[in-house]
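Asks: just need the structure, nothing else, for what follows:
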Amino acid sequence: MSALSPAALAVRPAAGEFAPYYARYIDQVPDGDVLELLERQLEETVAVADGFGEAGAAHRYAPGKWSVKQVLGHLTDAERIFTYRAVAAARGETGALPAFDENAYVERADFDARTLNSLLGELTAVRRATLAFFRGLPPETFDRTVVANNVPVSVRALAWIVAGHERHHVKVLRERYG
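Replies: Have a look, this model is predicted:
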């Protein structure tokens, strides 16, 4: 089977393909090939994060908010989870997948003890794996769904969620942390 065509990737997910909560991410993704965007985003995110430097990566814009390092760790964790959901959907998983508590994950990860470079290296590795996975899918898998957090979600929607989730957090880094 061939990999997904760019035309299939340019189809914006329909509202029934994801939980309404995720519309806030999907709406931030411009029309076009979502995998092309995911590729470009990585460079953008690394550049924004590098701009903080090691000392600036510990910055929080307000008490109780995540540091830049924690935002990067969260992006990596969330991308892994969203991509795992896409793997499960593409492979025909029939069991429901659990929700995840992003605040508990960040709290337990100790991202602030790591270097900015190590966090960016991990994010890069995860993004490369995400791209390889989505690029290798046969066209008929993009409409497949899995139940995650009690709501069906399609493979296509998960690719767009990954892109929109990152756009959201990079925008926050630029607007509130800079």
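
Asks: per-residue confidence averaged over the top helix by length along the chain?
Replies: Using DSSP state H, we find that the single longest helix of the chain is helix 68-90. What helix 68-90 shows for mean pLDDT is 98.

Asks: where in this structure is pLDDT low?
Replies: Low-confidence segments of the chain (pLDDT under 70): 1-9.

Asks: got the buried residues for the longest helix of the chain?
Replies: 68-86, 88-90 (16 or more other C-beta atoms under 10 Å). For every residue, glycine as well, the C-beta is placed using N, CA and C.

Asks: same thing with stretch 118-132?
Replies: In stretch 118-132, counting by 16+ other C-beta under 10 Å, buried: 119-120, 122-123, 126-127, 130-131.

Asks: over to stretch 102-122?
Replies: Applying 16+ other C-beta under 10 Å to stretch 102-122 flags 105-106, 109, 111-112, 114, 116, 119-120, 122 as buried.

Asks: what's that stretch in contact with?
Replies: 46, 49-50, 52-54, 57-58, 66-70, 72-74, 76-78 (C-beta atoms under 8 Å, 6 or more residues apart in numbering).

Asks: got it, and stretch 78-85?
Replies: 97, 100, 102, 123, 126-127, 129-130, 133, 146, 148, 153, 158, 161-162, 165-166.
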